[in-house]
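S.K.: Next input, structure requested:
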Amino acid sequence: MEQQNTAKPQFDPNGDVKVPAFVLPVSGLVSDEAAAFQRMRATMPAFDAAGQASDVAERREQINTFMAPQIERLRAMFAVNIDRTTIGGVEALDVTPADRSHDPDRVLINLHGGAFILGWDGIAQLESIPLAVLAGYRIVSVNYRMAPEHRHPAGVEDTAKVYAELLKDYAPGRIGIYGGSAGGALTAQAAAWLPAHGLPQAGAVGIFGAGGVPFYAGESAYTAGYIDGSFPPPPADGSEPEDITCGHFDGIDERNDPSAWPGYHLDTLATFPPTLIITGTRALDLSSAIYTNSQLLKAGVRSTLIVGESMGHCYHYQVAIPEGRDAVDQIVAFFRENLN
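M.R.: Prediction:
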């Protein structure tokens with residue numbers, strides 16, 4: 001039966017909007033594969049990284065188990081060598097194409113996603129394997145310290161240690177940093193941290209599924225909570241949303257600490273290198289990404305924003321669908337252009 005939308009949004013004097021229930025159809029602008037993925041979600045079990053396990057060790061094991069089949073598929077698609085190593089005193093994965101054909105003069109640092117509490121090393125592999133082959137780069141994925149055992153700035157301190165060690169073998173303009181979700185936010189923090197602590201700026205950074213301000217800072221957290229479902233929307237009563245980072249930013253003044261959220265500080269953003277930001281129209285991080293891109297442009301930084309139609313959080317992980325592969329191809333092109 002054809003959908004009939006008779007209700008209209010109600011606009012309150014304080015600016016709040018009461019949105020009536022409606023059906024959001026699959027976009028006619030997405031690939032057949034993406035449309036099939038949207039339909040498949042109706043049969044997928046819910047996966048709540050914040051709420052299904054009672055302790056962080058169980059959550060970490062849970063996400064790695066969840067990711068294992070996708071990692072297996074990626075390794076079948078992209079032949080890589082993965083060496084477990086320590087760089088600058090920090091545990092890391094050293095990922096290279098299996099044929100050792102990578103560029104000897106350039107390297108990418110990967111900062112994995114996982115809400116600042118998990119993601120090592122399932123999500124780290126997910127983010128590193130395709131790029132190592134498609135870009136022909138060495139990827140160093142960092143096992144940065146996470147909550148609840150540690151607090152900010154532990155993660156960015158570990159990133160800086162790895163970066164400083166890589167400077168012994170690579171020119172700073174030939175080192176790129178990227179990450180998705182929490183790793184995207186950490187990438188923004190690293191771009192703020194390096195010059196503020198006497199290190200040369202990296203050649204380029206990729207902030208994916210995130211921005212330089214908190215994920216719940218804008219309105220997209222509300223819409224994504226209902227149309228994407230990867231994360232719940234903020235509470236309807238206006239109270240603070242659940243802290244899925246297990247206190248990673250406890251004690252941080254988010255508006256006034258550029259080491260945590262540089263997107264609020266134009267003088268800090270002005271020190272950023274060329275930046276690529278990727279989000280989706282159904283993503284929790286859409287507002288954060290848009291705002292960060294606008295602020296970078298205002299600060300005089302070359303920033304490129306890609307917004308995937310009907311795509312959710314970190315859709316670039318899905319290299320098997322055209323939209324995800326297109327995003328990864330743009331990541332490759334971006335680093336090739338800017339790591340000079």
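
S.K.: now what about the host helix or strand of Ala224, what contacts it?
M.R.: Using DSSP states H and E, Ala224 maps to helix 220-227. With contacts defined as Cβ atoms under 8 Å, 6 or more residues apart in numbering, helix 220-227 is touched by 24, 215, 230-234, 241, 282-288, 312-313. Quick note: C-beta positions are derived from backbone N, CA and C, even for glycine.

S.K.: Can you tell me what sits against the helix or strand following it?
M.R.: Next helix or strand after helix 220-227 toward the C-terminus (DSSP H and E): helix 266-269. For helix 266-269, the external contacting residues (Cβ under 8 Å, 6+ apart) are 192, 196, 212, 258, 262-263, 295-296, 298-299, 301.

S.K.: Pull out the buried positions in helix 266-269.
M.R.: Within helix 266-269, the residues that count as buried by 16 or more other Cβ atoms under 10 Å are 268-269.

S.K.: Now do Gly113, the pLDDT please.
M.R.: As predicted, Gly113 sits at a pLDDT of 97.

S.K.: mind listing what's buried in stretch 171-183?
M.R.: 173-183.

S.K.: Stretch 316-328 too?
M.R.: Result for stretch 316-328 [16+ other Cβ under 10 Å]: buried residues 316-319, 321, 323-328.

S.K.: Could you give the average pLDDT over that stretch?
M.R.: 96.

S.K.: what does stretch 229-241 give?
M.R.: Taken as a whole, stretch 229-241 carries a mean pLDDT of 85.

S.K.: For it, C-alpha coordinates in PDB please.
M.R.: The C-alpha coordinates for stretch 229-241 follow below in PDB (Å, rounded to 0.1, in the frame of the first residue of the first chain):
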ATOM      1  CA  GLY A 229      20.500   1.900  14.300                       C
ATOM      2  CA  SER A 230      24.200   1.400  14.800                       C
ATOM      3  CA  PHE A 231      24.000   3.500  17.900                       C
ATOM      4  CA  PRO A 232      21.000   4.500  20.000                       C
ATOM      5  CA  PRO A 233      19.800   8.100  19.800                       C
ATOM      6  CA  PRO A 234      20.400  10.400  22.800                       C
ATOM      7  CA  PRO A 235      17.700  10.100  25.500                       C
ATOM      8  CA  ALA A 236      14.500  11.800  24.700                       C
ATOM      9  CA  ASP A 237      14.400  13.600  28.100                       C
ATOM     10  CA  GLY A 238      17.500  15.600  27.200                       C
ATOM     11  CA  SER A 239      19.800  13.900  29.600                       C
ATOM     12  CA  GLU A 240      23.300  12.900  28.700                       C
ATOM     13  CA  PRO A 241      23.700   9.900  26.400                       C
END
